[in-house]
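Enquirer: Fold the following.
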Amino acid sequence: MTQVKICGIKHMTHANEAVKAGAEFIGFVFAESKRRVTVEKAKHISSQLPMHVKKVGVFVNASLEELEQTAKTVGLDYVQLHGDETPEFCKQLTIPYIKSFRIRNENDLKLAQKYDDADYLLLDSATGPYHGGNGTTFNWRLVKQLPFDKDRFILAGGLKQENVKLAIDHTNPRVVDVSSGVELEGQKNINLIQSFIKTVKENS
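Expert: The predicted model follows:
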């Protein structure tokens, strides 16, 4: 069954509702973003989540020290890297990591092969001003050419309740990652979170 990651969580209420609805991953954004959360706030939310729910921190070009320290303080299970982090840099991490790629064409997929020790490889849209969370999709047909194990594949980019069934049918991801697709007027919406997760679970 496809698992769900609700990213960009800033409030305990939304985290609780996501977990109650069946989300397996909760994401905290520490990079520059309208969804950015403080380490202290993320620590507070993380400490109250069930052990089986994986806590993920999203970073862009952070130092090893920042990654390791934030992960320890917040209690992160994974750091998610959205910047220009090299395979050599990632191999120095002592914590599990997710490497994100902005997909334009087949060459972007080939780049992912170099991160052979990544726990997950996240494919996102290359459209938009940010390194992630832009609410845009990419050409899912490219996923058929994935050069790595699909058990490590997270699909992101423009997912919402209306298109996630089609996304799952086309790409068969291990995890779907949503942020803007469960927001209303820039804020997480409990009804949208519940509907998204319900649709995923009914169609995977």
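
Enquirer: Check which residues of the longest helix along the chain are buried.
Expert: With secondary structure taken from DSSP state H, the chain has its longest helix at helix 190-202. Residues of helix 190-202 classed as buried under the neighbour-count rule (16 or more other Cβ atoms under 10 Å) are I190, L192, I193, Q194, S195, F196, I197, T199, V200. All C-beta atoms are positioned from the backbone trio N, CA, C, and that covers glycine.

Enquirer: quick one: contacts for the last one?
Expert: If I follow you right, that is V200. V200 makes contact with T2, V4, V164, I168, V176 under the criterion Cβ atoms under 8 Å, 6 or more residues apart in numbering.

Enquirer: for these, which one is nearest F28?
Expert: When those are compared for distance to F28, the smallest value, 15.7 Å, is given by V4; criterion: Cβ to Cβ.

Enquirer: Closest to the centroid, which residue in the protein?
Expert: Nearest residue to the geometric centre of the chain (Cα atoms, centre = their mean): D177, 4.7 Å.

Enquirer: Am I right that that residue is in a helix?
Expert: No. Counting by DSSP: H, G, I helix; E, B strand; the rest coil, D177 is not part of a helix but strand.

Enquirer: Tell me where this structure has strands.
Expert: Listed in chain order, the strands found in the chain under DSSP state E are 3-6, 25-29, 54-59, 78-81, 97-103, 120-125, 153-155, 175-178, 183-184, 187-188.

Enquirer: what sits against I95?
Expert: L67, E68, A71, L76, Y78, V79 are the contacts of I95 under Cβ under 8 Å, 6+ apart.

Enquirer: Out of those residues, which two sit at the greatest distance?
Expert: The most widely separated members of these are E68 and Y78, with 12.8 Å between them, by Cβ to Cβ.

Enquirer: and these two? which has more neighbours close in?
Expert: Between E68 and Y78, counted using other Cβ atoms under 10 Å, the more crowded position is Y78 (21 against 17).

Enquirer: With that, I have no additional questions.
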